[in-house]
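Okay, predicted coordinates and the sequence, questions at the end:
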Amino acid sequence: MKNRITEILKTTYPLVQGPMRFITLGEMAAMVSKSGGFGQIAASSLPGDRLRLEIEKAKSITDRPVGVNIPVYRPNAEEALEIAIEMGIQTVTTSAGSPFKLIDKIKEAGMKVVHKVSSVRMALKAQDAGVDAVIATGYEAGGHIGQDETTTLCLIPQLVDALEIPVVAAGGVGDARGLIAAFALGAEGVEMGTRFVATHECPAAGYFKQALINAPENATVVLGKKMPLRVLRNQKTDKITDRTREVSSGKTEVEDVQEGDADSTIMSSGQIAAMIKDRKAVSEVFPEMMNDAVRITTRLHDLFAK
Ligand SMILES: Cc1cc2nc3c(=O)[nH]c(=O)nc-3n(C[C@H](O)[C@H](O)[C@H](O)COP(=O)(O)O)c2cc1C
């Protein structure tokens, strides 16, 4: 498949692995890129030398493009960008802050940048700043979500109508059905986070993966007001009486996988957790979706076009 997103990302598929703090590092990002999608290293809170190491690791596994995600509000944002430039990363994604802060440096380096948004207002600003595309995060997504509570189904078509740059849909996509739905709304790509937690190679804690697989349809809850975070509901979240209080996700990071448990840890997750019933290999996720998408489009063609 070729479209504006595969051109920007230089990938086989217009499918993006969502960056996940302390979880998606060099190895996982490289495996996704090797399978045809766009793998991303989450730079959030990673010390500079660790980020360098993870980029090197990714490069030793694949020569396909791997991205680096830089949350703009984090103190390490500028340093992460400098390292990404120095190490020859071709595309970065920015999130949680204004792309204006980093765009000059990104463009001077000749890189592409895709910015994460959750509203038409934010997306128009990002387009004005000069980003190449946006990733639109709907309210059902895992991790940080928009204050406006707009769902993927409502957000994508509004963005597609308002913008000239292409839109990648994030939030609520777990398989080919979500992929086709997003494309029907006008998206030119899809980003998935939660689905990738429940993969064999994902370095998240085993209890986190199992909690996702066990999750019923009402498994998630949103905590925080200024920077809302969608997480799995558990004993820890049930004890939080003020759900407007800001929280950050817990110790699910690689080095601390043995710490904590499914009752006492804050685990970011999207509503799509309820549809995830098995662990897959990272390399299977995107190719399988693309195959299934062909079957769905044939069925839809038979239904609508005959
Ligand atoms: C555990 C977890 C951690 C995340 N960490 C980040 C992050 O560091 N930076 C970021 O831009 N998005 C982060 N996200 C959001 C994902 O990149 C992705 O946009 C989102 O998961 C898509 O929605 P889905 O969960 O329905 O697939 C995180 C999501 C999860 C589930």
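The structure has been received and is ready for your questions.

ok, for Tyr73, nearest residue in space, not its chain neighbours?
Distances taken as CB to CB, 6 or more residues apart in numbering place Gly97 nearest to Tyr73, at 4.3 Å, with adjacent residues excluded. To be clear about C-beta, it is placed using only N, CA and C from the backbone, and glycine gets the same treatment.

That neighbour reaches Ile70, doesn't it?
No: judged on CB atoms under 8 Å, Gly97 makes no contact with Ile70 at a distance of 9.0 Å.

neighbour-wise, which of those two wins?
The neighbour count for Gly97 versus Ile70, taken as other CB atoms under 10 Å, is higher for Ile70 (32 against 16).

My understanding was that that one contacts Glu82; is that so?
No: judged on CB under 8 Å, Ile70 makes no contact with Glu82 at a distance of 10.5 Å.

tell me which parts of the stretch 51-200 of the chain are close to the ligand?
Within reach of the ligand by CB under 6 Å from any ligand atom, the stretch 51-200 of the chain has these residues: 69, 71, 95, 116, 137, 140-143, 170-173, 191-195, 197.

Could you tell me which of those residues belong to strands?
Among those, the residues falling in strands (DSSP state E) are Asn69, Pro71, Ser95, Lys116, Thr137, Gly143, Ala170, Glu191, Met192.

which two in those are spaced the farthest apart?
Spatially, the most separated pair among those is Pro71 and Met192, at 18.4 Å (CB to CB).

Give me the more crowded residue out of those two.
Between Pro71 and Met192, Met192 has the larger neighbour count (other CB under 10 Å), namely 29 against 21.

what sits against the nearest residue to that one once chain neighbours are set aside?
Excluding the flanking residues, the one nearest Met192 by CB to CB, 6+ apart is Val173, at 5.3 Å. Residues counted as contacts of Val173 (CB atoms under 8 Å, 6 or more residues apart in numbering) are Thr152, Leu179, Ala181, Ala182, Val190, Glu191, Met192, Arg195, Ile272.

what residues are up against the third one?
I take that to be Ala181. Ala181 neighbours (CB under 8 Å, 6+ apart): Leu153, Val173.

Would you mind listing the buried residues in whichever strand or helix holds it?
Element membership for Ala181 (DSSP states H and E) is helix 176-184. For helix 176-184, a neighbour-count test (16 or more other CB atoms under 10 Å) marks Ala176, Gly178, Leu179, Ile180, Ala181, Ala182, Phe183 as buried.

Likewise for stretch 118-136?
Using 16+ other CB under 10 Å as the test for burial, stretch 118-136 gives 118-120, 122-123, 125-127, 129, 131-136.

Just the ones of the residues you listed in strands?
Ala133, Val134, Ile135, Ala136.

Tell me if I'm right that the first one and Ala169 touch.
No: in this structure, Ala133 is not within contact of Ala169 by CB under 8 Å, at 11.5 Å.

what's the overlap in contacts for these two?
Gly189.

model confidence over stretch 120-128, on average?
Stretch 120-128 carries an average pLDDT of 97.

Just the C-alphas of that stretch, formatted as PDB.
Extracted in PDB, the C-alpha atoms of stretch 120-128 (Å, rounded to 0.1, in the frame of the first residue of the first chain):
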ATOM      1  CA  VAL A 120      -9.300  20.100  15.700                       C
ATOM      2  CA  ARG A 121      -7.900  23.200  17.500                       C
ATOM      3  CA  MET A 122      -4.600  21.500  18.300                       C
ATOM      4  CA  ALA A 123      -4.400  19.900  14.900                       C
ATOM      5  CA  LEU A 124      -4.800  23.300  13.100                       C
ATOM      6  CA  LYS A 125      -2.000  24.800  15.300                       C
ATOM      7  CA  ALA A 126       0.200  21.800  14.500                       C
ATOM      8  CA  GLN A 127      -0.400  22.200  10.800                       C
ATOM      9  CA  ASP A 128       0.400  25.900  11.000                       C
END
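
which residues of the stretch 201-306 of the chain fall in strands?
For the stretch 201-306 of the chain, the strands defined by DSSP state E, counting those that start in this stretch cover 220-223, 229-232.

Looking at those strands, which one is packed in the most?
Most buried of those, by mean neighbour count (mean count of other CB atoms under 10 Å): strand 229-232, with a mean of 23.

what sits up against that strand?
Contacts of strand 229-232 (CB under 8 Å, 6+ apart): 139-145, 211-212, 215, 219-223, 237, 246-249, 262, 266-271, 273.

Separate out the buried members of those residues.
139-145, 211-212, 215, 219-221, 223, 237, 247, 249, 262, 266-271, 273.
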